[in-house]
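Asker: below is the sequence, then the predicted model.
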Amino acid sequence: MFGQLLSSLADGLLLGFVYGLAAMGLSLIWGVMTVINLAHGPVIALGMFTAYLLFTQAGVNPYLALLPVAVLGMALGLVIYGAAVHRVLNAPHLSTLLATFAVNMIIIGVGTAVFTTSPHNIDFSLGSFSLGPLTVPFTRVVAAFAALAATALLYLFLYFTRPGKAIRAVANNRMAAELMGISSTTMLALSFGLGTLLACLAGGLIATFFPFTILSGGPYELKSFVICVLGGLGNPLGALLGGLLLGGLEGLVPAFMPVSWVPVVEFGLFVLVLLLRPQGLLGAK
Amino acid sequence: MALLEVTDVASGYGEVQILWGASLKLYRGQLTTLVGSNGVGKTTLLRTVMGLLRPWQGTIVFDGQDLTRAPAHARAKAGLVLVPEGRQLFTDMTVLENLEMGAFSPRARAHFQENLDKVFALFPRLAERRGQKSGLMSGGEQQMLAVARGLMAQPELLIIDELSLGLSPLLALTLFESLTQLKKSGLTMLLVEQNVSLALAVSDYAYVMAEGRVVMEGEARALLKNDDIRRTYLGVAH
């Protein structure tokens, strides 16, 4: 019993890193431009399929594929920003919600036509290792480290480079940034691109251990909302901690009740945090 | 040739017209004050000059370039810099980061170290607090940082909106002394200031606005003696 619990917890925590990575993209976009990107899930799925196509069609190692996946994620974000977000950025929130939801439907529609909704998977394994009662697939470990590395890179970018600081300046005070010669449009587009890049990366990593369809991003999008609330919305680095928290929870809950209760517990927690601590469990103010 | 020439500018918000054809000229090396009661359109004029509001008519020419339709960030890059009312600092960022963002444009970046030394000499307090989050500083320190951030942009023209608002008289005086130092170094400035007597005392020239237009202009010293001005803006009864 204890061994089972431990192994399920380790599983959950490792997965939590990837959840955190996916949520980071959503959180970054919200933090910079207060837009909730409802196309987040399909973007994650596109990350999965990009890794899949590169692997099956060109035999590219799924980890090597993360590079083109990232490039595609950035490009996708710039396109979505330019086509659907920029014009409605200053309109009421409902407009950006509907605009990104439309993008969501378009990606799912095209994705269903091209890939159908039957599951795909990347037939790739690194084996696993045992540690006492634990058996951990290496793909999970690599994914966790990759997520950690992406978080560290994002942190370094935002705090130690000029464009990163400019993104924070635009997030903090868009008008003042413009007055200092920073093109807010460029920085907003760049942050949206970064947000989708992170989502695609998360998708690429998840694809190395779970089968997926074009709809598979949905659950991760929902988890991202919970994580953002746990980690403090708009705080991309808090998202990693929120991801670990959620992953840990997902590991623990099935030990005490049927797996189908996991979302109930997750979203119960979501509502509870929103009611009691709306700035997020780990958010400042 | 004037450094900034604003000609017959009209603008406003939505359907509400605030400016009804305002014109002014600023010359290099001069410190100019824009005087007017609350609600006559001073801030609206500045916002239009800076590109935060679209002008409905008129032209804005800066340093020989027509900037009437240019976006705000392009104006900052050209050397037209505003220290906005209410400071508008990057409150989540440190003092040093605020100053770095001030020097974002390529022409300012080239003078980064030199300008940093200059603003730290002008406001030694900022040098002491360079690692502090700017939102946590006192009002006076924040205002110093707002001016310093503007100076980091290597301005050809520095426009300062309400420098003394919310500051103690002593602090206001200190900041105005910094302005006279900057003027001596040759910086062209435009002030919009509720403390009219203080502003006129340090200025070379002044424009008076009323009802969305510039209605009077002249040497600051002369305006300071003008009876209308004294009655309306300086609270001197006759």
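Answerer: That came through fine. Residues are numbered from 1 along each chain as shown, chains lettered A, B, ... in the order given.

Asker: who in chain B is up against chain A?
Answerer: Residues of chain B that fall close to chain A, judged by CB under 8 Å from any CB of the partner chain: B:50-52, B:71-73, B:76-77, B:81-82, B:84, B:88-93, B:97, B:100-102, B:104-105, B:108, B:149, B:153. Placement of C-beta: from N, CA and C, glycine included.

Asker: which ones among the residues you listed lie within helices?
Answerer: Residues of the residues of chain B next to chain A located in helices (DSSP state H): B:Met50, B:Ala72, B:His73, B:Ala76, B:Lys77, B:Glu97, B:Glu100, B:Met101, B:Gly102, B:Ala108, B:Arg149.

Asker: if you rank those by neighbours, which is first?
Answerer: When neighbours are counted by other CB atoms under 10 Å in any protein chain shown, B:Gly102 leads those with 33 neighbours.

Asker: what sits against it?
Answerer: By CB atoms under 8 Å, 6 or more residues apart in numbering or on different chains, B:Gly102 lies in contact with A:Met180, B:Ala108, B:Ala148, B:Arg149, B:Gly150, B:Leu151, B:Met152, B:Ala153.

Asker: report how many residues lie close to the last one.
Answerer: Pointing back at B:Ala153 there. 28.

Asker: now chain B, which segments are flagged as low pLDDT?
Answerer: B:236-238 (pLDDT under 70).

Asker: can you give me the helices for it?
Answerer: Applying DSSP H to chain B gives helices spanning B:42-50, B:72-78, B:95-102, B:106-109, B:112-122, B:124-128, B:139-152, B:169-184, B:196-202, B:220-225, B:227-233.

Asker: please report the distance of B:Ala201 from chain A.
Answerer: When CB to the nearest CB, to the nearest Å is applied, the distance between B:Ala201 and chain A equals 27 Å.

Asker: excluding residues flanking it in the chain, which one is nearest that residue?
Answerer: What sits nearest to B:Ala201 in space, not counting adjacent residues and going by CB to CB, 6 or more residues apart in numbering or on different chains, is B:Leu224, at 7.0 Å.

Asker: burial check on the one you found, number of neighbours?
Answerer: Counted with other CB under 10 Å, B:Leu224 comes out at 19.

Asker: which ones are touching it?
Answerer: Residues near B:Leu224 by CB under 8 Å, 6+ apart: B:Ser197, B:Leu200, B:Ala201, B:Arg230, B:Leu234.

Asker: check A:Ala202 too.
Answerer: A:Ala202 makes contacts with A:Val18, A:Tyr19, A:Leu21, A:Ala22, A:Gly25, A:Ile44, A:Gly47, A:Ala147, A:Tyr220, as judged by CB under 8 Å, 6+ apart.

Asker: what average pLDDT does the strand or helix carrying it get?
Answerer: Using DSSP states H and E, A:Ala202 sits within helix A:184-206. Per-residue pLDDT over helix A:184-206 has a mean of 97.

Asker: dump the residue contacts of A:Phe49.
Answerer: For A:Phe49, the contacting residues are A:Gly111, A:Phe115, A:His120, A:Gly203, A:Ala207, A:Phe212, A:Ile214, by CB under 8 Å, 6+ apart.

Asker: how near is whichever residue of the stretch 1-150 of chain A sits closest to chain B to A:Gly238?
Answerer: Nearest to chain B, among the residues of the stretch 1-150 of chain A, is A:Gly31, at 10.2 Å (CB to the nearest CB). According to CB to CB, to the nearest Å, A:Gly31 and A:Gly238 sit 10 Å apart.

Asker: A:Gly47 too?
Answerer: In terms of CB to CB, A:Gly47 sits 22 Å off from A:Gly238.

Asker: and these two? Which one has more around it.
Answerer: Using other CB under 10 Å, the more surrounded residue of A:Gly47 and A:Gly238 is A:Gly47, with 32 against 25.

Asker: just give the nearest non-adjacent residue to the more buried one, would you?
Answerer: Nearest one to A:Gly47, counting by CB to CB, 6+ apart, is A:Gly203 at 2.6 Å.

Asker: next one: A:Thr135
Answerer: The shortest distance from A:Thr135 to any non-neighbouring residue, by CB to CB, 6+ apart, is to A:Ser128 (5.5 Å).

Asker: need phi/psi at the one you found.
Answerer: phi -150, psi 170 (degrees, to the nearest 10).

Asker: just the pLDDT at it, thanks.
Answerer: 89.

Asker: so it sits against A:Phe138, correct?
Answerer: Yes: contact criterion CB atoms under 8 Å: A:Ser128 and A:Phe138 qualify, at 6.1 Å.

Asker: neighbours around the spatially closest residue to A:Ser216 that is not a sequence neighbour, how many?
Answerer: Excluding the flanking residues, the one nearest A:Ser216 by CB to CB, 6+ apart is A:Ala45, at 5.4 Å. Using other CB under 10 Å, A:Ala45 is surrounded by 28 other residues.

Asker: now do the contacts for A:Ala45.
Answerer: A:Ile107, A:Gly111, A:Gly203, A:Phe212, A:Thr213, A:Ile214, A:Leu215, A:Ser216, A:Gly217.

Asker: what do you get if the cut-off is 6 Å, keeping everything else the same?
Answerer: A:Ile214, A:Ser216, A:Gly217 (CB atoms under 6 Å, 6 or more residues apart in numbering or on different chains).

Asker: so which of these is surrounded by the most neighbours?
Answerer: Among the contacts of A:Ala45, the one with the most neighbours (other CB under 10 Å) is A:Gly217, at 31 neighbours.

Asker: so that one sits right up against A:Ile44, yeah?
Answerer: Yes: the pair A:Gly217 / A:Ile44 is scored as a contact, 3.6 Å apart, by CB atoms under 6 Å.

Asker: ok so, going back, which ones among the contacts of A:Ala45 are found in helices?
Answerer: Applying DSSP H to the contacts of A:Ala45, the entries found in helices are A:Gly217.

Asker: would you turn the contacts of A:Ala45 into JSON lines with pLDDT?
Answerer: Shown next, in JSON lines, are the contacts of A:Ala45 (pLDDT from 0 to 100):
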{"residue": "A:Ile214", "pLDDT": "96"}
{"residue": "A:Ser216", "pLDDT": "96"}
{"residue": "A:Gly217", "pLDDT": "96"}
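
Asker: which one of the contacts of A:Ala45 is nearest chain B?
Answerer: Nearest to chain B among the contacts of A:Ala45, counting by CB to the nearest CB, is A:Gly217 at 30.6 Å.

Asker: how near is the closest one to B:Lys25?
Answerer: In this view, A:Gly217 and B:Lys25 are 58 Å apart by CB to CB.

Asker: what sits against the closest residue to B:Gly150 other than its chain neighbours?
Answerer: Among residues not flanking B:Gly150 along the chain, B:Val83 sits closest, at 4.2 Å (CB to CB, 6+ apart). If a contact means CB under 6 Å, 6+ apart, then B:Val83 has B:Ala146, B:Val147, B:Gly150, B:Ile160 as its contacts.

Asker: report the buried residues of stretch A:215-233.
Answerer: Buried residues in stretch A:215-233, counted by 16 or more other CB atoms under 10 Å in any protein chain shown: A:216-218, A:220-233.

Asker: that should have said stretch B:133-140, apologies.
Answerer: The neighbour-count check on stretch B:133-140 (16+ other CB under 10 Å) flags B:Lys133, B:Ser134, B:Met137, B:Gly140 as buried.
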